[in-house]
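K.L.:
return a 3D structure for these sequence lines:
(one chain, ligands or ions: 2)
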Amino acid sequence: MKCIVCGGREAVADGLCEECLRERVAPFRVDPHMDITVCPHCGAVRERRAWLPVDDLMAHLESFVRRHVEVSCTLDKLEIEVTLGREERRVFPVTVVATGMYRGVRITSELHSTLRLKSEACPTCSRYFGNYFEAILQLRAEGSFREGELEDIKREVYDLAARIREGNRKFFITKDGEMHGGWDFYLSDKHEAKKIARYLGEKYGADVGESPQIGGRRDGQDVYRVTYSVRLPPYREGDFVRFRDGIYMVMRTGGKWVKLINAVDGRTCQVKRTDFGREMKLLATREDVESAVVVSYTDREVQVLDPRTYETVTIRRPPGFSGEEEIRVVRIEDELYGVPK
Ligand SMILES: [Zn+2]
Ligand SMILES: [Zn+2]
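P.N.:
Ligands and ions are numbered 1, 2, ... in the order given. Below you'll find the predicted structure:
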């Protein structure tokens, strides 16, 4: 028998096909957004009015979602599978695959939602910690952050903080927020804050400043607060710069030395970060790199189609080129250069 609604597919129950049945029965439902409040200090989770201690947050979030799937009373033999996607700014994409039996027919639905984590100190922690902080970690960039960069570094700080907390339960981020185009973290422990600042400075080749100040009293003692500023330089790995009459691509920036490759002859060299910062001039960023079709090449030259004008232009054969059909190029002062590999 055909389905009485669509008339196309075979009926499986109530004269309906599985698809029309799913629409009629509305077996499963989830809200498009779900909110859950987590204490940033101890990880406790608020459920209605109570705060529950939670060991495994991810497992708890999954069970939270499972409990918020609404199921039609006509179903039995339920199976509900919850998958949380990658967290992005405290928001998890949620996929629910739910299966149940309706009069002997198996119905499966896939539902989507988002789970938003809200931070709020639980009563115990807010009494204990208040707004206590010993250090401010400032993330800044000379010039500006590149697209998505600040988000990446922030995530790194959250991850580092979570790892530190595993060994030091008294460490936490009191608050954080946007400041002067960068981001400020208020941290409960200045020694841990210093470690984070140093780590970021080393990784990104950034300047790390340290300025102590007395900031109020706690338990009758002066509290010394320290501000650590991590300032990213104006160049990034993959950018092109003029340095001492040469054109170079920045290869590596971590630590005290900057490693460069000459965009013309492919020679590499390294220079002290402080000297480089003083003398270099930024010519093009890694975001300016384009792809160009190779027309022909010799030992010394490559003919490419200019990606903007589609005219054939001859450029120097870049270091590392080995006859590919496409080549990455960058425009510097109206001239194309091949990007060294
Ligand atoms: Zn149908
Ligand atoms: Zn708490």
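K.L.:
by contact count, what packs against the helix or strand containing Glu192?
P.N.:
Glu192 is located in helix 190-204, with elements delineated by DSSP states H and E. If you count contacts as 3 or more C-beta pairs under 8 Å, 6 or more residues apart in numbering; DSSP states H and E, helix 190-204 packs onto strand 135-141, helix 149-167, strand 182-187, strand 207-218, strand 221-232. For the C-beta atoms, the positions are set from N, CA and C on the backbone; glycine is no exception.
K.L.:
right, and the ones you listed - which one's nearest ligand 1?
P.N.:
In terms of C-beta to the ion, the element of the helices and strands packed on helix 190-204 nearest to ligand 1 is helix 149-167, at 45.6 Å.
K.L.:
if we can go back for a sec, run the angle between the helix holding Glu192 and strand 221-232 for me.
P.N.:
10 degrees (axes from the mean of the first three to the mean of the last three C-alpha atoms, to 10 degrees).
K.L.:
what residue ranges in this protein score low on pLDDT?
P.N.:
Applying pLDDT under 70 to the chain flags the ranges 127-130, 215-221.
K.L.:
that one: helices as residue ranges?
P.N.:
Assigned by DSSP state H, the chain shows helices spanning 18-25, 57-67, 123-129, 149-167, 190-204, 273-279.
K.L.:
distance to ligand 2 added to those helices, as CSV?
P.N.:
CSV is the format used below for these (distance: least, C-beta to the ion, whole Å):
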stretch, distance to ligand 2
helix 18-25, 42
helix 57-67, 13
helix 123-129, 3
helix 149-167, 12
helix 190-204, 19
helix 273-279, 41
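K.L.:
between these, which gets nearest to ligand 1?
P.N.:
Checking the helices of the chain against ligand 1 by C-beta to the ion gives helix 18-25 as the closest, at 3.2 Å.
K.L.:
tell me which residues in that closest one are buried?
P.N.:
Glu18, Cys20, Leu21, Arg22, Val25 (16 or more other C-beta atoms under 10 Å).
K.L.:
can you name every helix or strand that it contacts?
P.N.:
Packed next to helix 18-25, using 3+ C-beta pairs under 8 Å, 6+ apart, are strand 105-119.
K.L.:
hmm, the strand it packs on in reach of ligand 1?
P.N.:
No: Strand 105-119 stays clear of ligand 1 (C-beta under 5 Å from the ion), getting no nearer than 12.7 Å.
K.L.:
if you count neighbours, what's buried in that strand?
P.N.:
Across strand 105-119, burial judged by 16+ other C-beta under 10 Å covers Val105, Ile107, Ser109, Leu111, Ser113, Leu115, Leu117.
K.L.:
Cys20 versus the closest residue to the fourth one other than its chain neighbours, what's the distance?
P.N.:
Nearest non-adjacent residue to Leu111, counting by C-beta to C-beta, 6 or more residues apart in numbering: Val96, 4.4 Å away. For Val96, the distance to Cys20 equals 21 Å [C-beta to C-beta, to the nearest Å].
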